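# pasting the sequence and the predicted model now:
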Amino acid sequence: MALKATDELGSRPAVTTTLNPEEQELARKRAEQAAIEGELAERELRSANLRAELGAFEQQYLHFVGSRYAELDELKAGIAERAAREQPSNARAQQVAREAREHAKETKTAAGEKLESSPPAFEASPERKRLYRDVAKRIHPDLTSDRNDRAKRQALMAEANEAYRRGDDARLAKILTEYEWSPEQVQGEGAGAELIRVIRGISQARGRLAEIEAELQELLRSDLYHLKTRVDQAQQDGRDVLKEMIDKVEDQIAQAKRRMEVLAPARG
């Protein structure tokens, strides 16, 4: 392969540069590496976006539905405990009361503290996605074979994921800039060593692609994803599934409250 340069008039070759076989292979591998790194960045973006969307949806679900289930289970535990106190010799009633209280605690813990306002849905701007893609292309830890550099990249990538989730575009841009201009990025090596690094980088990137695909498939099989898909599809059809769930639980809460009212007051 020869690269030719012409003089200003473009009439004749001025310089001819011939790449040796090692340099030609390096050029091909660099092109292959660029392509796979682009694909890896896209997969990382898809994974980060899906995780963020599911995280935001889970918060919404817990806020609107989970908190009501916690209230319902608390009422059920109270009813069971009243029945147990009315029947101190009934071992089954005592067991039911203990199980109901334990379940109520678990539901309350899962629901967490009720937020003062509705949590917002996750939505990333095109600019944020571009920033994240650039970060993943440049600093993903699986794109280096150097142990120290890999550790630094892992820390920065964790920061990038958190910044993406929070919507901190400025931090994403700063992470990329800081890494690009760090002193350890200034290196000077020959074509042979560079070819080995590129080949290893390609292998690492392919390995990470397989990992991401497995992670994505796990997310897509999760109950949370299927629930979100159901809610999203229903919204397109003009239905509000979360509201339907809330109404159903609130009916159960009302029934539980009425039952509490008709029970004899617990004896001290």
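Looks like it came in fine. Numbers count the residues shown, from 1 in each chain.
# residue contacts, Ser125?
When contacts are counted by Cβ atoms under 8 Å, 6 or more residues apart in numbering, Ser125 touches Asp169. All C-beta atoms are positioned from the backbone trio N, CA, C, and that covers glycine.
# just Asn49 next, same as before
Contacts for Asn49 were tallied using Cβ under 8 Å, 6+ apart; they are Ala124, Lys129.
# and it, what's its pLDDT?
On pLDDT, Asn49 comes in at 94.
# in what helix or strand does it lie?
Asn49 belongs to helix 21-61 when elements are defined using DSSP states H and E.
# you'd agree Val241 is up against Ala234?
Yes. The pair Val241 and Ala234 passes the contact test of Cβ atoms under 8 Å, sitting 4.4 Å apart.
# quick check: the residue most central in space within the chain vs Gln233, distance?
Within the chain, the residue whose C-alpha comes closest to the C-alpha centroid is Arg51; the distance, by Cα atoms, centre = their mean, is 2.5 Å. In this view, Arg51 and Gln233 are 20 Å apart by Cβ to Cβ, to the nearest Å.
# which one's more surrounded, Val241 and Ala234?
Neighbour count, other Cβ atoms under 10 Å: between Val241 and Ala234, Val241 has more, with 17 against 14.
# wait, what's in contact with that one?
In this structure, Val241 makes contact with Arg230, Val231, Ala234, Gln235, judged by Cβ under 8 Å, 6+ apart.
# quick check: ChimeraX command selecting the buried ones in these.
Below is the selection syntax for ChimeraX that covers the buried ones among the contacts of Val241, with 16 or more other Cβ atoms under 10 Å defining burial:
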select :231
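# any weak-confidence spans in this structure?
Per-residue confidence of the chain (counting by pLDDT under 70) places the weak regions at 1-17, 112-119, 183-189, 264-268.
# ok, 50 please
Scanning the chain for pLDDT under 50 picks out 1-9, 114-115, 266-268.
# now the helices for it?
21-61, 67-86, 91-111, 126-139, 147-166, 169-180, 191-221, 223-236, 241-262 (DSSP state H).
# closest to Pro120 out of the ones you listed?
Comparing these by their distance to Pro120 (Cβ to Cβ), the top pick is helix 21-61, with 7.1 Å.
# what angle do helix 241-262 and that closest one make with each other?
Here the directions of helix 21-61 and helix 241-262 differ by 40 degrees (axes from the mean of the first three to the mean of the last three Cα atoms, to 10 degrees).
# next, the angle helix 147-166 makes with helix 21-61.
Interaxial angle of helix 21-61 relative to helix 147-166 (the same axes, to 10 degrees): 40 degrees.
# returning to what we had before: adding distance to Pro120 as columns, could you present the helices of the chain in a markdown table?
Below are those laid out as a markdown table (distance: least, Cβ to Cβ, whole Å):
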| stretch | distance to Pro120 |
| --- | --- |
| helix 21-61 | 7 |
| helix 67-86 | 17 |
| helix 91-111 | 18 |
| helix 126-139 | 15 |
| helix 147-166 | 12 |
| helix 169-180 | 16 |
| helix 191-221 | 21 |
| helix 223-236 | 15 |
| helix 241-262 | 15 |
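# correct me, but Gly66 touches Ala110?
Yes. With contact taken as Cβ under 8 Å, Gly66 and Ala110 are classed as touching, separated by 6.3 Å.
# so which of these two has more stuff around it?
Ranked by neighbour count (other Cβ under 10 Å), Gly66 and Ala110 place Gly66 first, with 20 against 11.
# separation between that one and Leu227?
Counting by Cβ to Cβ - Gly66 and Leu227 are separated by 12 Å.
# anything in contact with each of those two?
Residues touching both Gly66 and Leu227 by Cβ under 8 Å, 6+ apart: none at all.
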